[in-house]
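[1] Turn this into a structure:
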Amino acid sequence: MVANADDWVTIAVILRPHGLRGVFRLKALTRTPEDLVEAPLEELRVRRNGRLAEELVLTEARVMENGIIQARFEGINDRTAAEKFTNCELVIPESERWELPDGEYYIDELSGLEARSSETGEKIGTVKTAREGAAHDYLVLKLDGVPEETLLPIIPQFVSRVSVAEGFAEVTIPEGLTD
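    Numbers count the residues shown, from 1 in each chain. Just a heads-up that it's a prediction; the model follows:
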């Protein structure tokens, strides 16, 4: 068993319960909600306030039209039991991550990457993290010489290449973004 909560990867956030019979609403943090529902989840835990908590056994899951997953877990049969998990993370051991195709990466792998200019290849800062947005995700950058964090949409126009293995993200900072 992995003791460090940081060695676990968040795959979903538990939203408020649905109904009275212990059904959970989950927001998948995987490529698609279908990926989560179809994944062979052997070891699934709850992370609450940064600490590992209960182990859960998924018994049923389905994707709703809005992309939210409805799920049931063994031993949780009413709304009161389900409510204590609201806003917690569902996590799996890092060693059980899905294998990704070439050119794809997990958002948490971006922290600490060197931000390089797409035009010159020179280092212009560091990727602090990534943040989810309504239309797309954002890189949170600490650019050299810029005191505030810079949010950059993760779209090909601004993020041309990411190489986790080589430790960098090539980015184009639009004129006026850091003014």
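
[2] most centrally placed residue in the chain?
    Geometric centre of the chain, nearest residue: Leu29, 4.6 Å, by Cα atoms, centre = their mean.

[3] surely Leu110 meets Arg131?
    No. The criterion here is Cβ atoms under 8 Å, and Leu110 misses it with Arg131 at 10.5 Å. Using the backbone N, CA and C atoms, a C-beta is placed for each residue, glycine as well.

[4] Which one of these two is surrounded by more residues?
    Neighbour count, other Cβ atoms under 10 Å: between Leu110 and Arg131, Leu110 has more, with 21 against 13.

[5] Report the separation between the more buried one and Arg72.
    According to Cβ to Cβ, to the nearest Å, Leu110 and Arg72 sit 33 Å apart.

[6] Same check on Gly19?
    Note on Gly19: its distance to Arg72, by Cβ to Cβ, is 11 Å.

[7] How about Ala28?
    In terms of Cβ to Cβ, Ala28 sits 16 Å off from Arg72.

[8] do Arg21 as well
    Arg21 is 8 Å from Arg72, by Cβ to Cβ.

[9] Can you check the distance spanned by stretch 118-138, start to finish?
    17 Å (Cα to Cα, to the nearest Å).
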